[in-house]
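Engineer: no sequence on this one, just coordinates:
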C-alpha cells in the first residue's frame, strides 16, 4: 500500500478527527488508483522506473504481435482463435480495471476530482499544493505514510500536505484550506509536468528525467565495479587508439555511424516490397559494426566523471537492448518470419534512438569527450604577461599561476627554463598543477593523460587534444609568458 497506516496528529485549529479523516480519504483514493507501491516507489529511481516502463513496452509489443499476426510462439493460431483470445484478454482487463480503479473501499465515496488529485499527489511523488501557514494540516507539515514522508525529508523539501477533497465537507471555515489557490497550483503543476520538451517555463519531462539519472547514486557501486573491469582489460596501445588520440577527438561517435545508418536504412527498405535480402544484409552489417563501437564507448566511459558515467550506463543499456532486438530481428527474418522481424527491427531502432539521445546529452550537455582547454586561446590576450618571480618557482615541481585571469601550470627546470601549459587538462579539466613531472612531461592526476612540457603535445591518452602551451622569457628576474601561436597566426 502506498500510504502508511499511521494517522497524523490532530491540529489545533481543526475539528476533532478532521485531519485524520482527510488524510484517510487521500490514502483510500491513492490505494484506489494503485494497489501496490511499485509505481510510487519508481518515482525518483531511474532504474526501477526504466524497468516498469520496459515491462509496459513489452506488453504493448505482445499486443502488437497478436494484432499483426506475428505471434511470439512457434505455432500460428487461426483468426477465430486469435480474435477470441484478444476479446477474452480485453474483457479480463476491463473487469480488473473496473475492480481496481472504479470500486471504492467499503464505507467511502469519491468524486472525480478526488481521484484526480489523489493521482497527482501520489504518482508525482509529492503533493500538488503547498500548505500555507496556519492551515488545518498536521503539526510540522508531517505527511501521512512513513515512506512518502521520509522521501520528502531526505530531499529537504518544504513541508506540504494534500489539497482538500471535494467529496468531503467538514464543518470548518473557508479560510482553513484555500481551495481556489490550491486548484490553481494543481493545474500549474500538472501543466508543467505534462510538457515533454523544455520551454520558458521549465525543463520538461524528458530533460528532467535525464537530470534525475545524473543525480541518481543508487548504482554507484555497480559503476565502480564495471569501471574497474574496463580499466583492467589488457588493451595496451590499442586503448589510446580506441580513445581516438590518433584522430584528435573520440572515435566512438564515428564508429556508431555505421550500425545506426545500416539499421535506419533497413527500416526504410522494409517499407518497400522485394527488399528483404537487402534489409537482412544491412541489419547484419550493423550488428557486425556495433562491437567495435561498443568497445570504444566503454573505454571512453571508464574515464568520465561520476554523473557522466550514470547517464552513460543507461545509454549503454539502451544500445545493448537495441542490439539484442536487431539480433532477434535478423534471426526471425532468416527463419522466414518477416512480420516478426520487422516488428523487432522497429523496436530495436526505437531503443537505439533513445540511446543516441542520451549519447547526445553526454556529448553536448555534459561535455564528455570535448576539449576542455579549447577556450584558453580565445581568452588570453596577445602579448607578454607577467607570471611570477623566477625565485618563487620551485625546481621540478608544477605550480599554479594566473595569466590574464586564466589558470596555468608552470614548471621550472634545473637550467632555469620555465615551461608553462594551461592548467586544466584537455580531457576532463583535471588540475595539472597537482600532477607529476615525468621525463620532460606532465601527467594529469585524474586519468593519467601525459603532456609534453615543451609544446603541450598529448603523448598518452585518454586526452585526444594537446594542451595549450606558452612561450616564456625572464626579464630582470621575473618570468613573463605569452600564448604560443602558429607562425601564420602570429603574422
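Structural biologist: In hand now; what should we look at? Quantities reported herein were computed from a predicted structural model and do not represent experimental measurements. Numbering: from 1, shown residues only.
Engineer: Against residue 249, how distant is residue 398?
Structural biologist: Note on residue 398: its distance to residue 249, by CB to CB, to the nearest Å, is 26 Å. For glycine as for every other residue, the C-beta is placed from the backbone atoms N, C-alpha and C.
Engineer: So for the two, which sits in the more crowded spot?
Structural biologist: Counted by other CB atoms under 10 Å, residue 398 and residue 249 do not tie: residue 398 has more neighbours, with 23 against 15.
Engineer: what residues are up against that one?
Structural biologist: By CB atoms under 8 Å, 6 or more residues apart in numbering, residue 398 lies in contact with 409, 410, 411, 432, 433, 434, 435, 437, 442.
Engineer: With residue 356 instead?
Structural biologist: Shown in contact with residue 356 (CB under 8 Å, 6+ apart): 256, 260.
Engineer: let's see it at 7 Å
Structural biologist: If you count contacts by CB atoms under 7 Å, 6 or more residues apart in numbering, residue 356 has them with residue 260.
Engineer: before we move on, what about the one 10 residues further on?
Structural biologist: Residues near residue 366 by CB under 7 Å, 6+ apart: 307, 308, 311.
Engineer: thought the last one was touching residue 361?
Structural biologist: Yes - using CB atoms under 7 Å, residue 311 and residue 361 qualify as a contacting pair, with a distance of 6.1 Å.
Engineer: for the protein, what spans make up the strands?
Structural biologist: Taking DSSP state E, the strands of the chain run over residues 385-389, 399-403, 406-412, 418-422, 436-438, 441-443, 450-452, 458-460, 469-475, 478-483.
Engineer: Return the most buried member of those.
Structural biologist: Most buried of the strands of the chain, by mean neighbour count (mean count of other CB atoms under 10 Å): strand 418-422, with a mean of 25.
Engineer: what does that strand rub up against?
Structural biologist: 373, 376, 387, 393, 408-412, 432, 442, 451, 453-454, 456, 467-470, 472, 479, 481.
Engineer: go on, stretch 475-482?
Structural biologist: 383-390, 403, 418, 420, 470-473.
Engineer: Also stretch 211-226?
Structural biologist: By CB under 7 Å, 6+ apart, stretch 211-226 touches 44, 45, 46, 47, 203, 306, 307, 309, 310, 311, 313, 314.
Engineer: give me that answer again for 10 Å
Structural biologist: 43-50, 203, 298, 301-302, 304-316, 358, 361, 365-366 (CB atoms under 10 Å, 6 or more residues apart in numbering).
Engineer: Can you report the mean pLDDT over the residues of it?
Structural biologist: The average pLDDT for stretch 211-226 rounds to 94.
Engineer: buried stuff in that stretch?
Structural biologist: Going by neighbour count (16 or more other CB atoms under 10 Å), the buried part of stretch 211-226 is 213, 214, 216, 219, 223, 226.
Engineer: And the furthest pair within these?
Structural biologist: The distance between the two most remote of those (CB to CB) is 17.3 Å, for 214 and 226.
Engineer: Setting the sequence-adjacent residues aside, check what's closest to residue 414.
Structural biologist: Once flanking residues are discounted, residue 414 sits nearest to residue 395: 6.2 Å by CB to CB, 6 or more residues apart in numbering.
Engineer: err, residue 255, not the other one
Structural biologist: residue 293 (3.7 Å).
Engineer: That neighbour and residue 261, how far apart?
Structural biologist: Counting by CB to CB, the gap from residue 293 to residue 261 is 12 Å.
Engineer: Could you find the closest non-adjacent residue to residue 371?
Structural biologist: Residue 371 sits nearest to residue 465 (CB to CB, 6+ apart), 4.2 Å away.
Engineer: swap that for residue 304, please
Structural biologist: Sequence neighbours aside, residue 368 is the residue nearest to residue 304 in space, at 5.3 Å (criterion: CB to CB, 6+ apart).
Engineer: how many neighbours does the one you found have?
Structural biologist: Residue 368 has 24 nearby residues by other CB under 10 Å.
Engineer: if I pick it, what's in contact with it?
Structural biologist: Counting by CB under 10 Å, 6+ apart, residue 368 makes contact with 250, 252, 300-301, 303-305, 307-309, 311-312, 359, 361-362, 427-428.
Engineer: From those residues, which land in helices?
Structural biologist: 252, 300, 301, 307, 308, 309, 311, 312, 359 (DSSP state H).
Engineer: Distance to residue 460, pLDDT and neighbour count added to the residues you listed, as CSV?
Structural biologist: Formatted as CSV, the ones in helices among the contacts of residue 368 follow (distance: CB to CB, whole Å; pLDDT from 0 to 100; neighbours: other CB atoms under 10 Å):
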residue, distance to residue 460, pLDDT, neighbour count
252, 19, 96, 24
300, 15, 96, 25
301, 19, 97, 22
307, 25, 95, 17
308, 21, 96, 23
309, 22, 96, 21
311, 26, 96, 24
312, 22, 96, 25
359, 25, 95, 23
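Engineer: pLDDT weak spots in the stretch 101-250 of the chain?
Structural biologist: Across the stretch 101-250 of the chain, the ranges flagged by pLDDT under 70 are 101-194.
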